[in-house]
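Participant: got a sequence here, can you build the structure:
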Amino acid sequence: MTARDARLHAFRSDLADARLKGEVAAERFVPGRPARITASVADIRKAPRPDAGVNTQALFGDDVLVFEDVEGWAWIQAERDGYVGYVADTVLGARDHTPTHVVSVPRTFLYPGPDLRFPITGQLSMGSAVTVAGAAETRGTHYALLPSGEAIISGHLRPVGEAADDYVAVAETFLGTPYLWGGASGFGIDCSGLVQLALRMAGRQVLRDSDMQAATIGEPLDPGPDFAGLRRGDLVFWKGHVAVMTDATTMIHANGHTMLVSREGFNDAVARIGYLYGGPTGYRRL
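Facilitator: Numbers count the residues shown, from 1 in each chain. The predicted structure is shown next:
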């Protein structure tokens, strides 16, 4: 048997993904049932309990595979990044429509019809996938119409497959967003969630947690003893933390110090973080 990361492979002693048969030990192997996230944001938890820690989040329109659905909890794997965990089964629905567009601003609203004066019916984060079934204009504002009949500001969407030019610029749109452990949306986000979502919007799918990112994104970088080799877009890792360089001396990160996505001078951050947790553990360049 080969060692597998349980965050990225669905296996337990009693049940496992059928694709892992012969690679892991389990009493029973099942194929994943296709489903789609229908909630604005779905917490993916460590265990099937409301008080279990949140490892990450899935967004509206994300496709998942369901391996078990028991007593209100589904054991799932996100198809986008492979993350495995438990979600409330109320956030799951069928893959009824093919997504055509992705939300391209940090946050946006859903309306019951094409009028911004209507009371909202929901809200979506950047990265949420929707199906546009029509269009409307009210008082000069353009709306995309969804199969549900709801409307969304059309300028807040971009076609599936259209990528941003600069992932750092995407990350910068989240400045001031609250820090949330396990957060992966425009409503609350953590350090590696910010990196993952910004890169996703720039057309690059990467793994979720900072240790995974430190091992797989781009190539290792030696910035030199005075860090003079750093440039915009480089990633800096600490134990359990990651930041994005916005230029040679400044970085952006979701952090527990300000409890926000914020800018910070790189040398200031090295000194502040080092006092408690030690210095950077690595650098990567895309």
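Participant: partner strands of the longest strand belonging to the chain and their direction?
Facilitator: Looking across the chain with DSSP state E, the single longest strand is strand 63-70. Strand pairing for strand 63-70, determined by DSSP bridges: strand 33-37 (antiparallel), strand 73-78 (antiparallel).
Participant: quick one: contacts of the last one?
Facilitator: The one in question is strand 73-78. 10, 15, 17, 32, 35, 44, 48-49, 56, 58, 62-69, 83-89, 92 (Cβ atoms under 8 Å, 6 or more residues apart in numbering). In this view, the C-beta of every residue, glycine as well, is placed from N, C-alpha and C.
Participant: what's near enough to touch F29?
Facilitator: Counted by Cβ under 8 Å, 6+ apart, F29 has contacts L15, A16, D17, A18, L20, K21.
Participant: the same query, at a cut-off of 10 Å, please.
Facilitator: Neighbouring residues of F29 by Cβ atoms under 10 Å, 6 or more residues apart in numbering: F11, L15, A16, D17, A18, R19, L20, K21, G22, F67.
Participant: for the first one, which non-adjacent residue is closest in space?
Facilitator: In other words, F11. V24 (4.3 Å; Cβ to Cβ, 6 or more residues apart in numbering).
Participant: show the backbone phi and psi for the residue nearest to G155 when sequence neighbours are not counted.
Facilitator: Spatial nearest neighbour of G155, excluding adjacent residues (Cβ to Cβ, 6+ apart): H142 at 6.7 Å. Backbone torsions for H142, taken as degrees, to the nearest 10, come to phi -100, psi 140.
Participant: and the strands paired with strand 63-70, which is most packed in?
Facilitator: strand 73-78 (a mean of 22; mean count of other Cβ atoms under 10 Å).
Participant: tell me the helix or strand right after that one.
Facilitator: Once the chain leaves strand 73-78, the next helix or strand it forms, by DSSP states H and E, is strand 84-88.
Participant: give me the contact list for the following helix or strand past that next one.
Facilitator: Proceeding N to C from strand 84-88, the next assigned helix or strand is strand 92-93, under DSSP H and E. By Cβ under 10 Å, 6+ apart, the residues outside strand 92-93 that reach it are 33, 35-39, 42, 58, 64, 66, 69, 74, 76.
Participant: rerun at 7 Å
Facilitator: Here strand 92-93 makes contact (Cβ atoms under 7 Å, 6 or more residues apart in numbering) with A35, R36, I37, T38, V66, A74.
Participant: dump those to a markdown table, plus pLDDT and distance to M251.
Facilitator: Listed next are these as a markdown table, based on pLDDT from 0 to 100; distance: Cβ to Cβ, whole Å:
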| residue | pLDDT | distance to M251 |
| --- | --- | --- |
| A35 | 98 | 37 |
| R36 | 98 | 35 |
| I37 | 98 | 31 |
| T38 | 98 | 36 |
| V66 | 99 | 38 |
| A74 | 98 | 37 |
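Participant: give me the nearest residue to V70, chain neighbours excluded.
Facilitator: Per Cβ to Cβ, 6+ apart, closest to V70 is P48, 7.3 Å.
Participant: pretty sure the one you found sits against G85.
Facilitator: No. Contact between P48 and G85 fails when scored by Cβ atoms under 7 Å: they sit 9.3 Å apart.
Participant: neighbour count winner among these two?
Facilitator: The neighbour comparison of P48 against G85 (other Cβ atoms under 10 Å) goes to G85, with 27 against 18.
Participant: check contacts around the more buried one.
Facilitator: Taking Cβ under 7 Å, 6+ apart, we find G85 in contact with I44, R45, K46, N55, I76.
Participant: do you know the pLDDT at it?
Facilitator: According to the prediction, G85 has pLDDT 98.
Participant: same check on M1?
Facilitator: At M1, pLDDT is 41.
Participant: begin at 55 from now on, thanks
Facilitator: New numbering, starting at 55: the last item is M55.
Participant: who does the closest residue to A60 other than its chain neighbours bridge with?
Facilitator: By the measure of Cβ to Cβ, 6+ apart, the closest residue to A60 outside its immediate chain neighbours is V138, 6.7 Å from it. Assessed by DSSP bridges, V138 has beta-bridge partners Q131.
Participant: would you mind measuring from V138 to A297?
Facilitator: Distance, V138 to A297, by Cβ to Cβ, to the nearest Å: 26 Å.
Participant: and the two? Which one has more around it.
Facilitator: Shown here are V138 and A297; by other Cβ under 10 Å, A297 has more neighbours (27 against 23).
Participant: need the next SSE after the strand or helix carrying that one, C-terminal direction.
Facilitator: For A297, the host element (DSSP H and E) is strand 295-299. Per DSSP H and E, strand 295-299 leads on to strand 304-309 as the next helix or strand towards the C-terminus.
Participant: much appreciated, bye for now.
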